[in-house]
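Asks: model the structure of this input:
(2 chains)
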Amino acid sequence: MARIEPDVKTVKEIQAAGGDTVKKCYQCATCASVCPLATEEVPFPRKQMLLGQWGFKEKLLSDPALWLCHQCGDCSVYCPRGARPGDVLGALRNMAVRELSEFKFLWTFYNKPWGLPIIFLIATFFVVLSMSFFMGGIPGFFHWDLIPSLNIEEAHILFLKLSPNVLAIDAVFVPLAVFVVVMVGIGVNRMWNGMVENAGIPAAYRLGFWALVSTYLVPAIKEILAHSRFQECGANQWRFNGHRMLLWSFIILFFVTTTVFIAADIFGFHTPWPLYNPIKILANIGAILLLYGVISLISNRSRAAMEGKLTSSYQDWFLIYLILAVGLTGILTEVLRLAQVSLYPLMYTLHLIVVFMLFLSIPYSKFAHLVYRTTAYVFDLYSRDVRAKMAALSAAQATEVAEGAPAEESSVEAEGASTGEEAKA
Amino acid sequence: MKIGAFICTSCNIGDRLEVGDLEAAAQDQGAQFVASREFLCSKEGCQFISEAIQNEGLEAVAICACSPRVNYDVFNFGKVAVERVNLREGVVWSRFPVPGEGEESVDDSKEVAEGVTFKDELMSLAKDYIRMGVAKLQSYKHPEPYKPEEEISKTVLVIGGGVAGMTAALEVAKAGHPAIIVEKEKELGGFAARMKAQVKAEPPFDGLSEPVVGKLISEVQGHENITVHTGAQVTSIKGAPGLFTVTIKKGGNEEEVKVGAIVVAAGWKPYDASKLEDLGYGKFANVVTNVEFEEMAARGEIRKKDGSPVKSVLFVQCAGQRDENHLPYCSSVCCMVSLKQAKYLRETDPEAKAYIVYKDMRTVGIYENFYKNMQNDPGIFLTKGEIKEIAEEGDRLVVKVDQTLFGEEVEIPVDMVVLATGMVPATAEDPIIPLEYRQGHGFPELELFYGFADSNYICFPYETRRTGIYAAGAVHQPMTIFQAMEDATGAALKALQCLKAIEMGHAVHPRTWDFAYPEWDLKMCTQCKRCTEECPFGALDETEDGTPMPNPTRCRRCGTCFGACPQRIINFKDYSIDMVTQMIKACEMPEPDYGLYRVLALVCENDAYPALDMAAYRRLNLPVAFRVIPVRCLGAVNVSFVKDAMSKGFDGVLLLGCKFGENYQCHFIKGSELANRRMENVAETLQQLALETERVTLEIVAIDEVERLPQIMGKFVEFLQEYGESPFKGW
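Replies: Numbering: from 1, shown residues only, chains lettered A, B, ... in the order given. Next up, the predicted model:
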């Protein structure tokens, strides 16, 4: 850190972003002691509170601890000063998402109530335009023959035979998916580099992308699927089940969507599929799980807010209600279609619009925790290994020195290791 | 004197003791009327005593029942002297037979020596107590209130015209007494008048307010009972509480006034910052003290030396404080002052930054609210830390801070550094009270409190070692304006209480309502000066030949002089050398080779005696060998008591009193310390009697160390067994 010159503006920014209680902390470290997730090596949230008070944004935003926190609220419940560390870390995560993202105006739209209609309009614009383009409007609602020549039964692109409705979806969601993947990639890359710098991991221990993914991503994902860390949380234990259901439903729906995409776009099995189709059955189970998860989160979050265990920001509610909207419009579309109500294409369009909003939110809203928390898990596992190795090395060196043997061979590495340790200390 | 003895049979006294034998003991000792009855403390019981007093014409009564510390209001018979013989706490509730090996339970019939049962020992203790009580009454004289010949002055002198001094004067004046303020500066107000703002002195204590001092000045100036002397100094204080003659020097004139009591509110001075060169003071222009910064803020000129605006300030807490090389103590206000001054800066420029580097953030009491409020300011940055170095870099200062909360050393560039220097009490260098006392000017031994006019009276915060003189405000302890006002109110009320006590003719403190005072039989005085030197309160002056000149209104009635006097010429009406001698003589000693011991315990009645009572309420077992005589203070133990006890045949003497030295608990400050010093004389006396010096021991016991009493007393008896019986038995 060496020379420091904090900026009052940054502190105000953190306060305004939902960290309004950050300055109340007087560093007693009750939070770090009661936190079920903080470890001796990676203690939080005391230090993060201090960094927040001094407005050290850079340091905070490349701190994996920010994402290792699941906002269970134990710290906020036990804090003797009402500094609500859990909520402050939540606010800092929102800020981190902003800093890590490209096209920051989109973050603004996603994180301010006034941005909601704008995102809705953006999504509507792309979805309706595409539908107008390929399907001449929304069937049963309006017909707008934008380009009559494209109003076709089936398009042939290379060997693919695509129906207009598939085309209409692909034309929007394939570019959207590419955009989101690129944005997420940029964010994760920034985050990773920041964390490696911040933790002062010596060059000798830095690994390439594939090495990291192959060694640490699988155990990280295993932990995430089991929700083992989330389960440690005390004060807000109730969130664990709802959140896990939601995660599983997303996995199911992702699998189903991918399957349908391949089947429809490549093999030409057009939807809708019958209800007894195993994929369809799975999809419906996913939808029910999603609704169950999100509704339980809503009710429990309201209760927790009443009991003062956590405060919910606009960003929290935005994501939850958006997911609820995705679930509801999806189910309603299916129900209306089966009941042969002519409004169902309109409902389907609405469904596509909210799905668009949810998709685009991945790099910009609270939804980003999906990728950033995963990244932090990977980093946590990786840095634990690095620490263990460095400790083993210095121990080995100590014995060598004690035995009087020359330690030249490992001196380069050791130098790296010791600077790393100093930086961490 | 016609003496009656009344023995209560309730509260286990009748169960464990043979009341008939006790009555006989009282009669043997010379009680003219003896009766026993249950529940003496009941309405009927008291009426019984009153009637007996009337019918028999009794002048003194020995109530042989519970401890003198309880029911003292019940056993009050006006002019009739009352002695309380403590049979309940002192005998039946604290002396029990100990089961031997293999015995499950045991009663008073247990044999404790050859042919002696526990009951025998218990009865001999109770009888000794009754005989001692009657003996005490036989030499008791009724104390009369002390009334000085001169007229008592009701005026209170206040030294210092700052917040504390003015508050004290106002409180005195509002109570209807005249007050005189002597202020050495040209204006009233003290340091507070030079401040820009003060931390709020009213709920919710979370912000700043106008200094209260302006309001105080106009109130003081408008009050008819207050006389103000500014640019003046007190040059001499003669006399004693109620009767002081004070000389006030103003310009070239000297004026003598009569005052009754004095409040010292002389305040503080900032610590000499030139000693803080290692923190850049005097080296860099933009390193200033908190006092200088306050004056800058009051002038509205928070600027660097070159006149450019200040955008960032680093406050160094504990600058030259809590540091053995400078001030070893915490001045208790500087954390709040720095938070306040940080607020000044933040109010002048919303982008300005105030860093506070502290050892510990100490915002005393309710001022935690102020800390919380200031902490919330986004421009105030707090960290624990140690200043390693302050250096100049261009026109800025760079402060290196180690041991920070960040876990690493940091460098902070700032425009200005403010050193939070501490408070030095006015009494550190100047006695402030130029007393014309035999023991000299000023308060004695202030080095115990770093020069503050404080005391270690844990229960009596305003008391000083000079009766009638009370300290208030920052000369008393480092404190905030709010605290100083409270403190001054307390000191003013203490001064008025003192005047009232003098008017009534009893002791001021802590023996309020004690009308007895020491009296000298000067015919026998050898001018040894022990009493005048040892009095903890400087109560005695001397004639030129060294004869003591008592000032009863300065006296606290501890009896230290009484203990010191080798000629035994100092006596209280109700507590005399002869009285204790007679009490010791009234004890019955067993024949030689009895097999059991007799120990005299001289017990300080302030803490040790209540502790003994508490041991009884817990039914702790104290050795039956002890005969307890309560004393005013261990300082009031004359060596002759020990001599009397040893020649009587006691096997040992135990002195139980309060802690002395640093953090003393002695209610008379020096009493137990002097008693300990006198143990040398005691040793000499014992050598003259050819006895082992260890037979007389002094032990320290605090009021809450009840559990230690059985050990201390038990060990002493075991210890005496090693030496065997006193050879004086049976003489």
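Asks: now the helices for the stretch 1-150 of chain B?
Replies: Secondary structure of the stretch 1-150 of chain B (DSSP state H, counting those that start in this stretch): helices located at B:13-16, B:19-29, B:43-56, B:118-138.
Asks: also the stretch 451-600 of chain B?
Replies: The residue ranges that make up the helices of the stretch 451-600 of chain B, judged by DSSP H, counting those that start in this stretch, are B:481-504, B:530-534, B:560-564, B:577-585.
Asks: can you list these in JSON lines and add mean pLDDT, distance to B:Gly4 and mean neighbour count?
Replies: Heads up, the C-betas are built off the backbone N, CA and C, glycines and all. JSON lines is the format used below for the helices of the stretch 451-600 of chain B (pLDDT from 0 to 100; distance: least, C-beta to C-beta, whole Å; neighbours: other C-beta atoms under 10 Å in any protein chain shown):
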{"stretch": "helix B:481-504", "mean pLDDT": "96", "distance to B:Gly4": "29", "mean neighbour count": "22"}
{"stretch": "helix B:530-534", "mean pLDDT": "96", "distance to B:Gly4": "36", "mean neighbour count": "20"}
{"stretch": "helix B:560-564", "mean pLDDT": "96", "distance to B:Gly4": "28", "mean neighbour count": "27"}
{"stretch": "helix B:577-585", "mean pLDDT": "97", "distance to B:Gly4": "18", "mean neighbour count": "20"}
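Asks: pull up the distance across stretch A:358-374, start to finish.
Replies: From its first residue to its last, stretch A:358-374 covers 19 Å (C-alpha to C-alpha, to the nearest Å).
Asks: buried stuff in it?
Replies: A:358-369, A:371-374 (16 or more other C-beta atoms under 10 Å in any protein chain shown).
Asks: restricted to strands, list those.
Replies: Using DSSP state E, no member of the buried residues of stretch A:358-374 sits in strands.
Asks: the residues you listed in helices, which ones?
Replies: A:358-361, A:369, A:371-374 (DSSP state H).
Asks: which of those sits closest to B:Ala201?
Replies: Sorting these by how near they are to B:Ala201, with C-beta to C-beta, puts A:His369 at the top with 48.9 Å.
Asks: need the contact list for the closest residue to chain A within the stretch 251-400 of chain B.
Replies: Each residue of the stretch 251-400 of chain B has a distance to chain A, by C-beta to the nearest C-beta, and the smallest belongs to B:Pro378, at 3.9 Å. By C-beta atoms under 8 Å, 6 or more residues apart in numbering or on different chains, the residues touching B:Pro378 are A:8, A:11-12, A:15, A:23, A:55.
Asks: the one helix or strand B:Gly714 maps to - contacts with which helices or strands?
Replies: With the criterion set as DSSP states H and E, the secondary-structure element containing B:Gly714 is helix B:708-723. Secondary structure elements in contact with helix B:708-723, counted by 3 or more C-beta pairs under 8 Å, 6 or more residues apart in numbering or on different chains; DSSP states H and E, are strand B:599-604, helix B:608-617, strand B:652-657, strand B:696-700.
Asks: as CSV, those with mean neighbour count and mean pLDDT would be great.
Replies: As requested, the helices and strands packed on helix B:708-723 are arranged in CSV below (neighbours: other C-beta atoms under 10 Å in any protein chain shown; pLDDT from 0 to 100):
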stretch, mean neighbour count, mean pLDDT
strand B:599-604, 26, 97
helix B:608-617, 22, 97
strand B:652-657, 26, 96
strand B:696-700, 20, 96
